[in-house]
Structure formats: structure tokens, C-alpha cells
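Visitor: After the sequence you'll find the predicted model.
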Amino acid sequence: MFKKNKKIKILAIGKNSFLAKNFYKYTKLKRHINFISRYEIAKIDFNEFTHLINFSYDPKIINHNYSKTNLIDEKICSLIKNDKLIYIYPSSRAVLKIDNKRKNYGKNKLIIEKLIKKNRKSRYLILRISNVLGFHLEGSNLFITKLLNSLKIHKLIKLDLHKKTYKDFITPMFFSESLDKLIKMNKIGTFNFSSGKKTYINELCDAIIKGYGKGNIIYLQNLYRDSFILNNSKLKKSTNLDISKKEIIDFCYILGKKLKKYA
């Protein structure tokens, strides 16, 4: 067992993002967190905090060069004079394989990682996140948002992925619990936030449709494969946490049941 850090004080930037909302919903560290928007960073005394999580990002990082974005992480780093503060950055698995479909996104995430490492020396915690599931219907490029909205509006799920495509999914509960533990242990470094397990796209969609009670999957033309799993052995060793494929599929069923309320 690890000793809990009773002096934890977390500054979380970007309170309205999908990841931020889900983290706050499931974290056990709520009383230690101060959430702000990115427009408030100039007013903050960073010396008051032990950890900083930047959930905020400019959507332009998806399709533009980094120099054309709001440079939020660069601005935050320039304001921090606290050498002990641990900068937590939710990065992406896209940095591990920069493909043409998300070329700018992967490159920009990697640029930001390097910038944080350079500025924070060893005082950083980079999370290379696979795919976090969650109930989200608002305008977004998230895979799960597109899927849920398609089922809600059209009673079917349109996929441009081959049915044998698999991905590495995690639930928001697993994400929050894992991050909680790393924060309590004052961990630094780079971690893959993943299940380390294959979940096939058709299995995930079938579970959501089953929970929803109706719907079909339609495979579009020019299907492509974007299969991946991440090695999460470092995360498992540090936190002693694991998530089973059944937990992932069961959570998808719950997402489908929740969608029924919006039908």
C-alpha cells in the first residue's frame, strides 16, 4: 500500500472538456481539486498547488500546425515558477503512430509532450490515453459521440471501420481511479492509459445496441483498419489496477441503456 499525500492540491484547467467532466465525476480527490477555465490562468498562484492537470486544448490541433493553435501549454509552462509542481498532460496514443488520418493531431500532441518535458524537467506526468468511453452527445469528433448520436437519430450505427478492427478502450471510472493513484503517489514520467486488451468494434456496437434495445450496424464503403492495443504494464505495476474486457462491454451496454432516455 502507498501512503496518501494529505497535502495534495490540484489545479485542473479546462473544466468543460469531455475528459475533465468524466474525471471529476469519478475521482475520489474532488475536495483537493480547483477547476478553472484556461482564461483564468494569469490570475493563478501556481505555488499553491502540488499538481496541475491541463484538460484544455485548442480544437485546431486536430487539423492545423501547432503554431496556429492557442499554445495553451506553452503559456501555462511560462507562468509556473513552482519547481515542485507536477504537470499532468492528457496526451494521446496518436503520438505512438502518426498516421495520415490524424497526422496533425499526433504531431501536435508530440510537440506539446516535448515542450512540457523541456520546461518541467522531470516534474511531469504524461498520459498517453487510448480511447476513453463515456456518455457524450454534444458536438464532438469523439468516436463514442458520433456512434451514440447516429444510433439516437438514425437507429443505426454507420461504421467506416472493418468489422475485425479492434481498439483499446477504457472506462472513465478506470481512467479516474488510475490517475487518482498516480497523483497520490506523486508519480512522474510517461504512462500508457489503456486496458491492454482487444475490444472489437462490432462487439462494442452490439453491446450498445443491446442496451438501447434496437438498431443495426451498417458498414460503409472503403472500410479501413485502425487496430491497436497499448502496453499498459507500467500503469498496472504502479497502480495495481486492471480492467477486464467484460467491464468494458458491460459499460457499453450501460451507455446504450442511458441513450434510451434521450430517444
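Guide: Great, that's in hand. Numbering: from 1, shown residues only.
Visitor: Which parts of the chain are helices?
Guide: Using DSSP state H, the helices of the chain run over 18-26, 72-79, 103-120, 143-154, 172-184, 201-212, 233-239, 245-259.
Visitor: Can I get these in TSV including mean pLDDT?
Guide: Below are the helices of the chain laid out as TSV (pLDDT from 0 to 100):
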stretch	mean pLDDT
helix 18-26	95
helix 72-79	96
helix 103-120	94
helix 143-154	94
helix 172-184	98
helix 201-212	97
helix 233-239	98
helix 245-259	98
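Visitor: Could you export the ones you listed as TSV, including distance to residue 92?
Guide: Any C-beta I mention is one placed from the backbone N, CA and C, and that applies to glycine too. Formatted as TSV, the helices of the chain follow (distance: least, Cβ to Cβ, whole Å):
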stretch	distance to residue 92
helix 18-26	11
helix 72-79	14
helix 103-120	5
helix 143-154	13
helix 172-184	13
helix 201-212	19
helix 233-239	15
helix 245-259	19
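Visitor: quick one: which of those helices is nearest residue 39?
Guide: helix 72-79 (10.3 Å; Cβ to Cβ).
Visitor: buried set for the closest one?
Guide: 72, 73, 76, 77 (16 or more other Cβ atoms under 10 Å).
Visitor: Name the nearest residue to the second one, sequence neighbours excluded.
Guide: Spelled out, it's residue 73. residue 112 (5.0 Å; Cβ to Cβ, 6 or more residues apart in numbering).
Visitor: ok, that neighbour touching residue 66?
Guide: Yes - the pair residue 112 / residue 66 is scored as a contact, 7.5 Å apart, by Cβ atoms under 8 Å.
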